[in-house]
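Q: My questions concern the predicted model and sequence given below.
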Amino acid sequence: MRCITLTTYLVLLSAAFCGGVYAAAVQHRMTTDGPARAGDLASLAPARVFPLAAGRVVAVDPADGRIMVEHAPIRRFYLQRATGIFPVADRTLLVGLTPGDKIRFDLERRAGHYVITRIENSN
């Protein structure tokens, strides 16, 4: 029993020592390499790619730059299936769209409103 306790103690001691050496090496590298480079930070952040939302065009108002879409749930923004009127970031996105077209689109939240930034016609 004493042998097992001594072995466990030695394993824990060596793990703590090695972890301390590793932490010191990382700290030394951070202080000697200068400020972090953009490439270092970009590799740490996970890439978040969201799928395009799917819907059907109900109405298009190119003069006001708005579109009414009956859309499936948009999980990114926790939106349920609904019909909504969305402004578009660029009115040229509305060219060629007619009621009944199936579309895939991307939304952004700007100043408390959802704005369509990209539209793909799925017909």
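A: Yep, that arrived.
Q: so Val115 is in which element?
A: Val115 is part of strand 113-121, with elements assigned from DSSP states H and E.
Q: mind listing what's buried in that strand?
A: For strand 113-121, burial by neighbour count (16 or more other C-beta atoms under 10 Å) applies to 114-116, 119. C-betas here are computed from N, CA, C, even on glycine.
Q: mind listing the strands for this protein?
A: Listed in chain order, the strands of the chain (DSSP state E) span 53-61, 66-71, 82-87, 102-110, 113-121.
Q: so which of those gets nearest Gly96?
A: Nearest to Gly96 among these is strand 113-121; the distance by C-beta to C-beta comes to 6.9 Å.
Q: what packs against the closest one?
A: For strand 113-121, the packing partners by 3 or more C-beta pairs under 8 Å, 6 or more residues apart in numbering; DSSP states H and E come out as strand 66-71, strand 82-87, strand 102-110.
Q: what's the angle from that strand to strand 53-61?
A: Relative orientation of strand 113-121 and strand 53-61, computed by axes from the mean of the first three to the mean of the last three C-alpha atoms, to 10 degrees: 100 degrees.
Q: Need the residues that contact stretch 99-107.
A: With contact meaning C-beta atoms under 8 Å, 6 or more residues apart in numbering, stretch 99-107 is reached by 50, 52-60, 69, 71, 74, 76-77, 86, 97, 114-123.
Q: any idea how far Ser122 is from Asp64?
A: With distances taken as C-beta to C-beta, to the nearest Å, Asp64 is found 24 Å from Ser122.
Q: Check Thr83 too.
A: Using C-beta to C-beta, we find Thr83 at a distance of 17 Å from Ser122.
Q: same question, Leu93
A: Here the criterion is C-beta to C-beta. By it, Leu93 lies 14 Å from Ser122.
Q: Neighbour count for the two, which is higher?
A: Neighbour totals were compared for Leu93 and Ser122, and Leu93 leads with 19 against 13 (other C-beta atoms under 10 Å).
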